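*Asks:* based on what follows, work out the 3D shape:
(2 chains)
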There are 2 protein chains.
Amino acid sequence: MTNIIRAEVVTIGDEILFGQITDTNTQWISTELTNIGIRTVRKSSVGDQAEAILAVLHEAHQRADVIILTGGLGPTKDDITKKTLCDYFGVGLVRNEEALALVTSFFEKRGRPMTDLNRGQADLPANAVYIQNDWGTAPGMWFEHGGRVYVSLPGVPFEMKNLMTHRILPRLQGHFSTPVIKHKIIRTVGIGESFLAERIADWEDNLPPHIRLAYLPSFGQVKLRLTATGQDTAQIDRELAEQVDKVMPLIQQHVFGFDDDELEVVVGRLLKDRSQTLGIAESCTGGFVSAQITKVPGSSAYFWGSVVSYSNSVKISQLGVKPETLEQFGAVSEETIRQMAEGVRKTLGTDVGIATSGIAGPDGGTPDKPVGTIWIACATEQRTVTRLLRLGKYRDQNIQLTSTYLLNLLREELLNQ
Amino acid sequence: MTNIIRAEVVTIGDEILFGQITDTNTQWISTELTNIGIRTVRKSSVGDQAEAILAVLHEAHQRADVIILTGGLGPTKDDITKKTLCDYFGVGLVRNEEALALVTSFFEKRGRPMTDLNRGQADLPANAVYIQNDWGTAPGMWFEHGGRVYVSLPGVPFEMKNLMTHRILPRLQGHFSTPVIKHKIIRTVGIGESFLAERIADWEDNLPPHIRLAYLPSFGQVKLRLTATGQDTAQIDRELAEQVDKVMPLIQQHVFGFDDDELEVVVGRLLKDRSQTLGIAESCTGGFVSAQITKVPGSSAYFWGSVVSYSNSVKISQLGVKPETLEQFGAVSEETIRQMAEGVRKTLGTDVGIATSGIAGPDGGTPDKPVGTIWIACATEQRTVTRLLRLGKYRDQNIQLTSTYLLNLLREELLNQ
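*Replies:* Got it, this is the predicted structure:
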């Protein structure tokens, strides 16, 4: 492809270089760029030093048609992006009256005093196109220089996202004529990356050169991502659909969804379609499964509630687990998990009850039940299914994997009904 | 400083460039490098293309003394890091018998068949020092070339972390003689970045040049990070402690902890110190607060459990909220939140009960109670305190902010006792 538009995404800030914060901005930006046919060819992070910022600007100029910078626009003294952009472009700072009016009204509305630092946020490099930020006090900026587009945005994620969505992406689409890049993602659960690869090897070998495959594993799931490049949206969509049709028979049982369909979204849709309500009993996952379910807007239509029963007394009083069961078999046992799933279903009066109980770690393991020993269960009107997971020694990972396997068990039970 | 050791952290993979996964590795790596006095000067991400990988290797060679690469070592065909390293170093691939034995035993232990793809993971560039990976099938590699150190690690976070912690960081410390870089983080809650900055402006202006300050805001919290560089650990520690002593009187009421003290860790410590137990009633946060509390290992010592009462019927049956209260004032009201906090305390038999109820969004708002209207409460033996939050329109953000403000309310109540 000769007319691919290349982007470099640059984050500025010592806090990212030194590792004090997670950079989620670049991921989001490159996804959005991909969606409008702009290919990210490099991501870079540099610190709050003028030389480092200047160096990455000069390099990015060689590599990319559009350079998106985030960060370093705050009111405090460690933020030097604007001054450095002035040096790079060879211009001075000019107070922008439109920006000043917006900052002023931002503070007036909130009844808060405005400081000189805040007022300084209305100063922009002289060659900047002012991009109004309705979500915060640092304006966005658009520059055209040496045949490249430079965009500078605040690092605060929700301000950056709103500016990109409403102001920058439409402007980029107007400025460039972009090729079509399309992704199709097949989401699988319960099969490892290399086994998946063996199973679909022939199909993978026969993919046409303009369609590429990647394996994206995470916590019990593997996403298969197909990326196609071309000129015609309808044709690309057709080709991707054909490839999906070819590969699906090989992996059907492990596929739970496509594209943005997170497991909790798919499960929610199944519950809604079947007019079933859900209750959750959580021990070792401590609320994580419930938080996953309720991440989905509208989940109140099928999710009634949970009991997080970290202590045995709560298992007994809220879920009706029998004290003699806990005594004889322990909290981490098939007998207990069965009573938890059935108990939460009864207590909350829901159609389905799911449950977790195990040893998430790092402590609490025994020779009999080492860290990573975790029971899950799903109780419906028809039956109760239990499963034993033997996971690793990492607490966070155990909690996440347990959640994935439990939601998948729930999915299978809903499909079996 | 002339003897600063500079690092570049490079992630390899289309999935990162295209935005399909969040890169948490580089953050973790740069934090660990900082802790041993190696300064990350650049982070870069490139795709799974040989030219892109070669380009970043050549550039990093100019900028850094040590180059840490992650990703592209999987068994599947889209992973090309090893072949590209061979090109870069001008060597061939050689099967490493030690690596092969480990991969073989990895599959034998799990009773799973080994594929040719898996076997290929034991092939290493001829100049590689083999770094044993006990946590997965892709070996780590260490190279010395042109006066630089190159390290190549698998992208799977827990494999990478174990390899870095147990094998690579000690090796780097042995290889380089590093200056001392120390961080001190002061964690604040409930005050905005620019107000904090105004309050400590004089102090900030008087910081010595070898101590730098950064503001790291996130979800209702701002971290103040002091970074000091020098030669003598004891002296640097003393200087940082002096600066903390100077600034603390200005911001005392907003400081909840230092360094790695997350809010949930601080709250857990307060509960443990006071031998108090905690129960949680969650409506709009849907389990998120409980998941935060139980992220902390050992939280079972003070956390007994939660009721996630998404539906009104669960609020009534499990928390004892009066039906007439819900009817008259609604689920999102001071009257209801008070009964929820007191109810969960009574139901679960804990010393403290905390609760959330609100409209997280994106739907469910009314003119009276727009999206972002959220009540929180904390009930102790002495009293029940309620607070009304007026947040924004973003569901995720509302859930996270509510959790932060509720944990801070709990912290204040525990300190007031």
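
*Asks:* got the residues of the stretch 101-250 of chain A near chain B?
*Replies:* By CB under 8 Å from any CB of the partner chain, the residues of the stretch 101-250 of chain A that approach chain B are A:115, A:117-118, A:156, A:158, A:183, A:185, A:193-195, A:197-198, A:204, A:212-218, A:223, A:225, A:227. (Glycine included, C-beta is placed from N, CA and C.)

*Asks:* ok, for residue A:163, nearest residue in space, not its chain neighbours?
*Replies:* Once flanking residues are discounted, residue A:163 sits nearest to residue A:140: 4.5 Å by CB to CB, 6 or more residues apart in numbering or on different chains.

*Asks:* what sits opposite the one you found in the beta ladder?
*Replies:* residue A:131 (DSSP bridges).

*Asks:* could you pull up the residues touching it?
*Replies:* A:130, A:131, A:132, A:133, A:151, A:152, A:153, A:154, A:163, A:167, A:168 (CB atoms under 8 Å, 6 or more residues apart in numbering or on different chains).

*Asks:* what packs against the host helix or strand of residue A:15?
*Replies:* Using DSSP states H and E, residue A:15 sits within helix A:14-17. Counting contacts by 3 or more CB pairs under 8 Å, 6 or more residues apart in numbering or on different chains; DSSP states H and E, helix A:14-17 is packed against strand A:38-46, strand B:38-46, strand B:211-218.

*Asks:* tell me the mean pLDDT over it?
*Replies:* Averaged over helix A:14-17, pLDDT sits at 84.

*Asks:* leaving out chain neighbours, which residue sits closest to residue A:92?
*Replies:* In space, residue A:92 is closest to residue A:126, 5.5 Å off (CB to CB, 6+ apart).

*Asks:* residue A:294 too?
*Replies:* Nearest to residue A:294 is residue B:286, by CB to CB, 6+ apart, at 2.6 Å.

*Asks:* is the one you found in a helix, a strand, or coil?
*Replies:* coil (DSSP: H, G, I helix; E, B strand; the rest coil).

*Asks:* model confidence for it, exactly?
*Replies:* On the pLDDT scale, residue B:286 gets 97.

*Asks:* residues near it, how many?
*Replies:* Using other CB atoms under 10 Å in any protein chain shown, residue B:286 has 28 other residues around it.

*Asks:* I'd guessed it sits against residue A:297; true?
*Replies:* No. With contact defined as CB atoms under 8 Å, residue B:286 does not reach residue A:297; the gap is 11.1 Å.

*Asks:* show me where pLDDT drops low in the stretch 1-150 of chain A?
*Replies:* Low-confidence segments of the stretch 1-150 of chain A (pLDDT under 70): A:1-2, A:77-78.

*Asks:* now the strands for it?
*Replies:* Applying DSSP state E, counting those that start in this stretch to the stretch 1-150 of chain A gives strands spanning A:5-12, A:38-46, A:66-70, A:93-95, A:123-125, A:129-131, A:140-145, A:148-153.

*Asks:* does chain B sit close to the third one?
*Replies:* Just to be clear, that refers to strand A:66-70. No. Applying CB under 8 Å from any CB, one finds strand A:66-70 separated from chain B by no less than 12.4 Å.

*Asks:* report the angle between that strand and strand A:38-46.
*Replies:* 40 degrees (axes from the mean of the first three to the mean of the last three CA atoms, to 10 degrees).

*Asks:* touching strand A:66-70 from outside, list them.
*Replies:* A:5-12, A:25-26, A:29, A:33, A:38, A:57, A:60-61, A:81, A:148-155, A:160, A:168, A:172, A:176.

*Asks:* what lines up beside it in the sheet?
*Replies:* Sheet partners by DSSP bridges: for strand A:66-70, these are strand A:5-12 (parallel), strand A:148-153 (parallel).

*Asks:* ok, the fifth one next?
*Replies:* According to DSSP bridges, strand A:123-125 forms sheet pairs with strand A:93-95 (antiparallel).

*Asks:* so how far is the partner strand from its chain's centroid?
*Replies:* 37 Å (CA atoms, centre = their mean, to the nearest Å).

*Asks:* one more: stretch A:321-336?
*Replies:* 37 Å.

*Asks:* hmm, it touching chain B?
*Replies:* No. Stretch A:321-336 does not reach chain B (CB under 8 Å from any CB); its nearest approach is 10.4 Å.

*Asks:* what residues does that stretch touch?
*Replies:* In contact with stretch A:321-336 (CB under 8 Å, 6+ apart) are residues A:283-284, A:309, A:312, A:315-316, A:339-340, A:343, A:357-359, A:369, A:373-375, A:386, A:388.

*Asks:* give the buried residues for it.
*Replies:* Buried residues in stretch A:321-336, counted by 16 or more other CB atoms under 10 Å in any protein chain shown: A:321, A:325, A:326, A:331, A:332, A:333, A:335, A:336.

*Asks:* now residue A:219, what are its backbone angles?
*Replies:* Main-chain dihedrals, residue A:219, degrees, to the nearest 10: phi 50, psi 60.

*Asks:* what pLDDT does it get?
*Replies:* 84.

*Asks:* for residue A:339, same thing?
*Replies:* pLDDT, residue A:339: 98.

*Asks:* tell me the SS of it?
*Replies:* helix.

*Asks:* what about the strands in the stretch 201-350 of chain A?
*Replies:* A:211-218, A:221-230, A:255-258, A:278-282, A:303-309.

*Asks:* and the second one, what other elements does it pack with?
*Replies:* In this case it means strand A:221-230. Looks like strand A:221-230 contacts strand A:180-189, helix A:193-199, strand A:211-218, helix A:233-251 (3+ CB pairs under 8 Å, 6+ apart).

*Asks:* next, the buried residues of it.
*Replies:* A:221, A:222, A:223, A:224, A:225, A:226, A:227, A:228, A:229, A:230.

*Asks:* report the separation between the residue lying closest to residue A:124 once chain neighbours are set aside and residue A:139.
*Replies:* Spatial nearest neighbour of residue A:124, chain neighbours left out: residue A:96 (4.9 Å); criterion: CB to CB, 6+ apart. The gap separating residue A:96 from residue A:139 is 7 Å, by CB to CB, to the nearest Å.

*Asks:* so for the two, which residue has more residues nearby?
*Replies:* Legend: neighbour count by other CB under 10 Å for residue A:96 and residue A:139, higher for residue A:139 (26 against 19).

*Asks:* contacting residues for the more buried one?
*Replies:* A:96, A:99, A:102, A:121, A:122, A:124, A:130, A:131, A:132, A:133.

*Asks:* for PyMOL, what selects the buried ones among those?
*Replies:* Typed into PyMOL, the line below selects the buried ones among those, using 16+ other CB under 10 Å:
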select buried, chain A and resi 96+99+102+121+122+124+130+131+133
